[in-house]
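Peer 1: Test case, fold it:
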Amino acid sequence: MDTPQKNGPPPKDIVCQLAHSTIFQYRGLIVSETVTNGEKAIVFDELGTDSVTMYGVIEKDTAYDYCIAAVNKLTGEIEYRPAEVYNVSARHRDLLQLETSRRDSILKSTDDQWTPKAEDRKRKRLSITTTFGDSKKMKGMDKVEKKELNEEAAAQMNSTLVLNSPSEMNKSMGIDEITAIKTEEVSSVLPKANMEAILGRDVYSLSLFVTDADIETFGETCIAVMSKKYKDFEYPFGGSTRNDFPLMYKDYLEGRIKDRKQCILYCLCAAMGYVIQIGKRTTKITSNTTKNSPFPMIIIEWVQRKYFDSQPTIERNVRVQQINRSELDRLVVHALAFGMTIDPDNRIYHVEWANYTRIAANQLEKFATALGAQKESLPESMKQLRGMYAMVLKGPPQPQFRRGAGRSRRGKK
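Peer 2: As a prediction, the model looks like this:
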């Protein structure tokens with residue numbers, strides 16, 4: 001799509017990796033190049049809707065150079081041409097505009113906040129206060145200095161000390177009682193993170209949540225579930241109707257996800273959300289409580305086997321699965337990590353999860369933060385349904401957030 005130039009390096013071909021969806025009519029497709037905050041990007045003009053656009057960013061993996069091999073079928077000669085790889089996904093236009101404006105404001109504020117002159121003025125003020133300040137100001141400066149030293153010491157000790165026994169891991173942590181945990185010794189509630197990952201999608205391996213055997217076993221069943229309409233899951237309840245399908249995955253029904261593997265992953269994550277909702281209301285899950293489940297029992301039992309330690313029992317011809325709070329916490333955290341990993345933008349709307357699972361939104365926010373997610377403001381058009389902000393996985397979690405991601409429990413002193 002580029003023309004040769006007289007000067008400079010030769011033009012590069014563009015290779016696009018689509019996170020989901022498939023382009024069938026690729027001939028005549030118009031692709032526009034743009035620059036956002038100094039970074040190259042591409043936009044598919046003819047794809048998307050009024051609110052969604054197909055937006056691609058250049059692959060930032062500096063360990064590799066990419067090329068296209070063109071093979072002559074007659075002579076067998078191979079021509080290698082340099083290429084640029086773009087990761088393309090569906091992006092909400094309002095979110096994209098919001099991210100761009102926020103990056104610009106961050107760059108401007110950073111430039112305005114620190115200058116050599118400002119730093120010089122700060123030093124002069126401190127010098128004057130030290131020389132001519134009264135005792136009250138001097139005490140205030142001493143407190144600030146001690147606090148900075150304590151926080152710096154805490155950060156240094158956090159990076160070097162390691163707990164020796166599991167019992168010590170449950171103790172509260174503070175500046176006076178510093179403890180730290182290596183990545184290999186994190187809470188059993190959290191999935192193991194790749195601490196060297198650069199992108200959010202690489203922090204948690206899919207194998208932590210599903211295996212290739214799971215995808216093969218439940219593939220056709222999941223596709224059948226996700227091909228239904230939302231109203232197909234309704235059932236009579238108290239003189240009205242009720243629908244237990246997770247609302248956060250409602251938009252993916254009716255076969256809207258064309259990629260087979262992605263469709264299966266969304267279905268399994270939605271099933272985890274359904275089990276969370278049932279487990280939040282009771283300490284045991286029975287075949288009676290799941291008789292109106294939107295998911296077949298083989299998927300429900302798969303979730304139970306994977307995350308609940310106790311073996312199911314038969315009581316009065318009813319299958320009973322006992323659960324405890326720590327096991328439910330583990331399922332919640334894994335479901336959030338799974339949901340952010342498979343999302344094209346590594347995003348979850350935790351208010352939607354809270355409304356469905358009946359778990360407090362601030363608790364889900366703490367779990368997501370422990371996983372490495374960060375807050376991201378939402379445009380006004382989305383706030384009414386999805387809350388003020390979303391949680392986005394942009395990289396590995398910080399060590400201080402991985403300490404005890406479970407519910408806080410008060411212990412005796």
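
Peer 1: For this structure, which segments count as helices?
Peer 2: Using DSSP state H, the helices of the chain run over 93-113, 116-132, 135-158, 166-169, 212-226, 260-281, 297-307, 325-342, 350-357, 361-371, 380-386.

Peer 1: Which of these comes out lowest on mean pLDDT?
Peer 2: Ranked by mean pLDDT, the helices of the chain bottom out at helix 166-169, which scores a mean of 42.

Peer 1: I'd say Glu365 and Met391 touch.
Peer 2: Yes: here Glu365 reaches Met391: they are 6.5 Å apart, a contact under CB atoms under 8 Å. Heads up, the C-betas are built off the backbone N, CA and C, glycines and all.

Peer 1: So which of those two has more stuff around it?
Peer 2: A count of neighbours by other CB atoms under 10 Å puts Met391 above the other of Glu365 and Met391, at 26 against 19.

Peer 1: shouldn't the more buried one be in contact with Met340?
Peer 2: Yes: with contact defined as CB under 8 Å, Met391 reaches Met340; the gap is 7.3 Å.

Peer 1: shared neighbours of the two, anything?
Peer 2: Common contacts of Met391 and Met340, defined by CB atoms under 8 Å, 6 or more residues apart in numbering, comprise Arg347, Ile348, Ala368, Ala373.

Peer 1: Identify the bridge partners of the first one.
Peer 2: If I follow you right, that is Arg347. Legend: beta-bridge partners of Arg347 under DSSP bridges are Val392.

Peer 1: Does it touch Glu376 like I think?
Peer 2: Yes: Arg347 lies in contact with Glu376 (CB under 8 Å); the separation is 7.1 Å.

Peer 1: one step back: of all the shared contacts of Met391 and Met340, which comes closest to Tyr249?
Peer 2: Within the shared contacts of Met391 and Met340, distances to Tyr249 taken as CB to CB reach their minimum at Ile348, with 10.9 Å.

Peer 1: residue contacts, that closest one?
Peer 2: If you count contacts by CB under 8 Å, 6+ apart, then Ile348 has Met248, Leu336, Gly339, Met340, Ala368, Ala373, Ala390, Met391 around it.

Peer 1: For the third one, the count of nearby residues, please.
Peer 2: Number of residues near Gly339 (other CB under 10 Å) recorded here: 28.

Peer 1: do the second one as well
Peer 2: Burial measure for Leu336: 27 neighbouring residues, criterion other CB under 10 Å.

Peer 1: With Leu393 as the reference, measure out to it.
Peer 2: Distance, Leu336 to Leu393, using CB to CB, to the nearest Å: 9 Å.

Peer 1: for Pro296, same thing?
Peer 2: From Pro296 to Leu393 the distance is 29 Å (CB to CB).

Peer 1: Quick check on those two: which one has the bigger neighbour count.
Peer 2: Neighbours were tallied for Pro296 and for Leu393 using other CB under 10 Å; the higher tally belongs to Leu393 (29 against 15).

Peer 1: residue contacts, the more buried one?
Peer 2: By CB under 8 Å, 6+ apart, the residues touching Leu393 are Gly200, Arg201, Val203, Ala337, Met340, Thr341, Asn346, Arg347, Ala368, Leu371, Gly372, Ala373.

Peer 1: Look up how far Leu74 lies from it.
Peer 2: Taking CB to CB, one finds Leu393 at 49 Å from Leu74.

Peer 1: what's the answer for Ala368, then?
Peer 2: Separation of Ala368 from Leu74 (CB to CB) stands at 56 Å.

Peer 1: Settle it for me: which of these two has more neighbours?
Peer 2: Ala368 (27 against 5).

Peer 1: my read: the more buried one touches His350, true?
Peer 2: Yes: judged on CB under 8 Å, Ala368 makes contact with His350 at a distance of 6.0 Å.

Peer 1: okay, and the common contacts of the two?
Peer 2: Common contacts of Ala368 and His350 (CB under 8 Å, 6+ apart): Leu336, Met391.

Peer 1: wait, doesn't Thr341 sit right on Val203?
Peer 2: Yes: with contact defined as CB under 8 Å, Thr341 reaches Val203; the gap is 7.4 Å.

Peer 1: So which of the two has more stuff around it?
Peer 2: Taking neighbours as other CB under 10 Å, Thr341 and Val203 compare with Val203 leading, 26 against 22.

Peer 1: how many other residues sit next to the nearest residue to that one once chain neighbours are set aside?
Peer 2: Spatial nearest neighbour of Val203, excluding adjacent residues (CB to CB, 6 or more residues apart in numbering): Ala197 at 4.6 Å. A count of nearby residues for Ala197, using other CB under 10 Å, gives 17.
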